[in-house]
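Trainee: A structural model of the following input is requested.
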Amino acid sequence: MSRSGEGRFEEIARKARRVQESVERVRGVAAGEGVRIEVAADGRIIDLRLTEPGLAQAISRRHEQALARACASAAELRREVVSDPAIARALRTLLESAPIAAENSVCEPPTDAHESNPYALPVNVRRRYGLG
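Mentor: The predicted structure follows:
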């Protein structure tokens, strides 16, 4: 690859990182019917407030199931792109200069062996409802 091509990849990587960092700060909040939930743009539950604490466990289980299904579907869609050798090479080059996608994927396996779904309920929410 030419030097100007490498420079363009670096520019794209910087832009992608800046946008990704901005997206990571995005939050959505919805409240009603005894539930208030705050989520990140990638679907992680940031905060959850319930009038019936027993609902937290059911929500956590269903969120885990839905997330697994969504991740499996996303992985299947990505296979089409990454199976093309030219695209795979370009992605590797881009990720080596700015490894944002691999570090921030909601579909990555948990890093803590005791945590089955780090995206469902944050520790403070689980403690609030006695979920561990």
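Trainee: which parts of the helix ranked longest in the chain are buried?
Mentor: In the chain, assigned by DSSP state H, the helix with the most residues is helix 54-82. Applying a neighbour-count criterion of 16 or more other CB atoms under 10 Å, one finds 56, 59-60, 63, 67, 71 buried in helix 54-82. Every residue, glycine included, has its C-beta placed from N, CA and C.
Trainee: what about the protein, any weak spots by pLDDT?
Mentor: 1-3, 81-82, 98-121, 125-126, 129-132 (pLDDT under 70).
Trainee: mind redoing it with 80?
Mentor: 1-6, 53-54, 56-57, 59-60, 78-84, 87-132 (pLDDT under 80).
Trainee: returning to that earlier point: okay, the buried residues of helix 54-82 in CSV with distance to Ile46 next?
Mentor: Listed next are these as CSV, based on distance: CB to CB, whole Å:
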residue, distance to Ile46
Ala56, 14
Ile59, 14
Ser60, 14
His63, 13
Leu67, 15
Cys71, 19
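Trainee: which among the residues you listed gets closest to Gln20?
Mentor: Cys71 (18.2 Å; CB to CB).
Trainee: how close does that closest one get to Glu64?
Mentor: With the distance defined as CB to CB, to the nearest Å, Cys71 ends up 11 Å from Glu64.
Trainee: before we move on, what about Gly43?
Mentor: On the measure of CB to CB, Gly43 and Glu64 end up 12 Å apart.
Trainee: against which helices or strands is the helix or strand containing Leu95 packed?
Mentor: Assigned by DSSP states H and E, Leu95 belongs to helix 85-97. With contacts taken as 3 or more CB pairs under 8 Å, 6 or more residues apart in numbering; DSSP states H and E, helix 85-97 sits against helix 3-24, helix 54-82.
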